[in-house]
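*Asks:* make a model of this:
(chains A and B, ligands or ions: 3)
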Amino acid sequence: MGITGLFLISFLMVHCFLNSLIFINDGGETFNLGAEFMAKNWVIRAMEIVLFGGLLWHIIQAAVLTRENKKARPVAYAASNPSANSKWYSRSMGLLGTILLIFLIIHLRHFWVVSRFTDEITSGKETLFNEMKEVFSQLWVVILYCLAMVSLGYHLLHGFKSAFQTLGWNHVKYNSMIEKIGVIISIVLPVLFAAMPIAIYMGLIK
Amino acid sequence: MSGNMNLTLKVWRQKNKNAEGKLVNYQVKDISPDMSFLEMIDVLNEQLIVKGDEPIAFDHDCREGICGMCSLYINGRPHGPKDRITTCQLHMRSFEDGQTITIEPWRAASFPIVKDLVVDRSAFDRIIASGGYVSVNTGNAQDANSLPIGKEDADLSFAAAACIGCGACVAACKNASAMLFVSAKVSQLALLPQGQPERYLRVHNMVAKMDEEGFGNCTNTGACEAECPKGISLSNIARLNRDFFVAGIASDN
Ligand code: HEM
Ligand code: SF4
Ligand code: FES
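*Replies:* Ligands and ions are numbered 1, 2, ... in the order given. Prediction:
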């Protein structure tokens, strides 16, 4: 769980950096260059397979974990006050992850399927940047992306530091640093990702 | 006496392991705020016995916070509303006159209910028996300082050894995971020179036993540490994870 989680975060950082190129506001020129590099580079192509494997593995582990943990407490408490001892998002990782999964399916349909399985982009008819502008002209998509990014933020707020604990990377010297980096990542990544559909919908990116 | 309290209790009653249980309402009157929680149940049980009813079964022994026998999930928290204490150290002044208090047993598949509020925690004993010891004959007491141990390690080991095996960590965890307990029992020995020869075999065997007993998996919510009456630290779980990882790749068991 920890290894696959951290691996997915490392992907998200690269993904977020490349997509943030739209904020240069040069009509998508730099962004399209980046996208083209990613599409043609065989190392990236190979990593894409590893990425899907990692995501799948993360989901399988999550499903097994959830099942085993439900079985460990078959009878629920009549009165329960869990907020007295833990954060709601640390107890809701499965729910937050499921929201992310639903989002990912729609997200992949929007961009990945179009760029890999149609000739829209490869034929030069369309650019990924234009595809982005078209998709983000729909209000429901913008709202969906924003909600998903709230889920992502909370998933990572627990997930990042949790992964270090799971892997045993815990030391009084570094614990507070790990915690801080986790908080920063959980805010910066979702905010940047959410800013993309919002900015495009509002016509700020030309 | 003035300042005494009247309370409504909702108590889990269950005849035996296989019987259906349910919450039953009781009224207790004129409870002194200086009584301990267990003494309050004693008062209720006296009433029940006088009426010819079956008294409520609950675990307790030392009644001074050291044996780990008392349990009780009180108003949604193990050992009640206060931090760092056991139920026997909880006093009625932590409640208000007229309050309703729900009292349930620890809930975990690995802690089957024996009767009413009593659960069978022998799964913990079986985990200890699977490796929570040092197999050497110690012989006579050694000279002081013949085995130097760093002060920090000694302190950490001692802090881990404070675990009284009460099971509040399992009761509090949404996954009914026993990781805090097992990590304390692994750590107290992993930090000392005497624990080194069997260090990786121990963690391997104890984790295997923990899984076999049906406890859930740790997802690091931290509920255990927050509810532990002895303040056992989550860093023990990280140590267990580290040692378990080494046991998996580098030892021959
Ligand atoms: C696709 C749907 C996803 C599902 C269903 C899902 C589900 C879960 C679940 C159930 C956990 C473990 C619960 C816990 O530790 O409390 C978890 C942990 C984690 N997830 Fe996800 N997740 C998903 C996507 C992601 C993504 C996209 C990322 C990263 C960007 C991520 C990062 C993490 C991390 C770092 C952890 C912590 C690992 C640990 O506890 O040791 N997850 N996830
Ligand atoms: S770790 Fe704490 S809560 Fe768990 S059994 Fe030991 S003393 Fe009780
Ligand atoms: S009865 Fe011994 S710790 Fe409470």
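*Asks:* anything in the helix ranked longest in chain B near chain A?
*Replies:* Counting residues, the longest helix found in chain B (DSSP state H) is helix B:235-250. Yes. Applying C-beta under 8 Å from any C-beta of the partner chain, one finds helix B:235-250 touching chain A at B:235, B:237-245. Every residue, glycine included, has its C-beta placed from N, CA and C.
*Asks:* buried residues in that helix, which are they?
*Replies:* Counting neighbours by 16 or more other C-beta atoms under 10 Å in any protein chain shown, one finds that the buried residues in helix B:235-250 are B:235-244, B:247.
*Asks:* closest one of these to B:Leu191?
*Replies:* When those are ranked by distance to B:Leu191 (C-beta to C-beta), B:Arg239 comes first, at 8.1 Å.
*Asks:* I'd say the closest one and A:Gln165 touch.
*Replies:* No. B:Arg239 is not in contact with A:Gln165 according to C-beta atoms under 8 Å; the separation is 10.6 Å.
*Asks:* got phi/psi on B:Asp53?
*Replies:* phi -90, psi 160 (degrees, to the nearest 10).
*Asks:* show the contacting residues for residue 34.
*Replies:* No chain in the question, so chain A it is. For A:Gly34, the contacting residues are A:18, A:21, by C-beta atoms under 8 Å, 6 or more residues apart in numbering or on different chains.
*Asks:* ah, no, chain B please
*Replies:* Going by C-beta under 8 Å, 6+ apart, B:Asp34 touches B:91-93.
*Asks:* so it sits in a strand?
*Replies:* No. The assignment for B:Asp34, made by DSSP: H, G, I helix; E, B strand; the rest coil, is coil rather than a strand.
*Asks:* ok, back up a step: between the residues of helix B:235-250 next to chain A, which is closest to A:Ile106?
*Replies:* B:Asn241 (35.4 Å).
*Asks:* what's the closest non-adjacent residue to the closest one?
*Replies:* In this structure, B:Asn241 finds its nearest non-sequential neighbour in A:Gly168, 3.7 Å apart by C-beta to C-beta, 6 or more residues apart in numbering or on different chains.
*Asks:* cool, B:Glu96 as well?
*Replies:* Counting by C-beta to C-beta, 6+ apart, B:Met5 is the residue found nearest to B:Glu96 once chain neighbours are left out, at 7.3 Å.
*Asks:* how about the longest helix of chain B against ligand 2, any contact?
*Replies:* No. Applying C-beta under 6 Å from any ligand atom, one finds helix B:235-250 separated from ligand 2 by no less than 8.3 Å.
*Asks:* and that helix, what does it pack onto?
*Replies:* Packing partners of helix B:235-250 (3 or more C-beta pairs under 8 Å, 6 or more residues apart in numbering or on different chains; DSSP states H and E): helix A:139-166, helix B:179-190, helix B:199-212.
*Asks:* now with 10 Å, please.
*Replies:* Applying 3 or more C-beta pairs under 10 Å, 6 or more residues apart in numbering or on different chains; DSSP states H and E, we find helix B:235-250 packed against helix A:139-166, helix A:172-201, helix B:151-161, helix B:179-190, helix B:199-212, helix B:223-227.
*Asks:* mind giving me CSV with those helices and columns for distance to B:Ile113 and mean neighbour count?
*Replies:* Output for the helices and strands packed on helix B:235-250, formatted as CSV (distance: least, C-beta to C-beta, whole Å; neighbours: other C-beta atoms under 10 Å in any protein chain shown):
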stretch, distance to B:Ile113, mean neighbour count
helix A:139-166, 31, 20
helix A:172-201, 38, 16
helix B:151-161, 29, 15
helix B:179-190, 19, 26
helix B:199-212, 20, 20
helix B:223-227, 20, 23
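*Asks:* out of those helices, nearest to B:Gly76?
*Replies:* Proximity to B:Gly76 (C-beta to C-beta) singles out helix B:223-227 among those, at 10.9 Å.
*Asks:* tell me the mean pLDDT for that closest one?
*Replies:* Mean pLDDT, computed over helix B:223-227, is 98.
*Asks:* what do you get for stretch B:127-136?
*Replies:* Across stretch B:127-136, pLDDT averages out at 94.
*Asks:* do the same with stretch A:166-185
*Replies:* pLDDT averaged over stretch A:166-185 gives 95.
*Asks:* centroid residue for chain B?
*Replies:* Chain B has B:Cys166 as the residue nearest its centroid, 1.9 Å off, counting by C-alpha atoms, centre = their mean.
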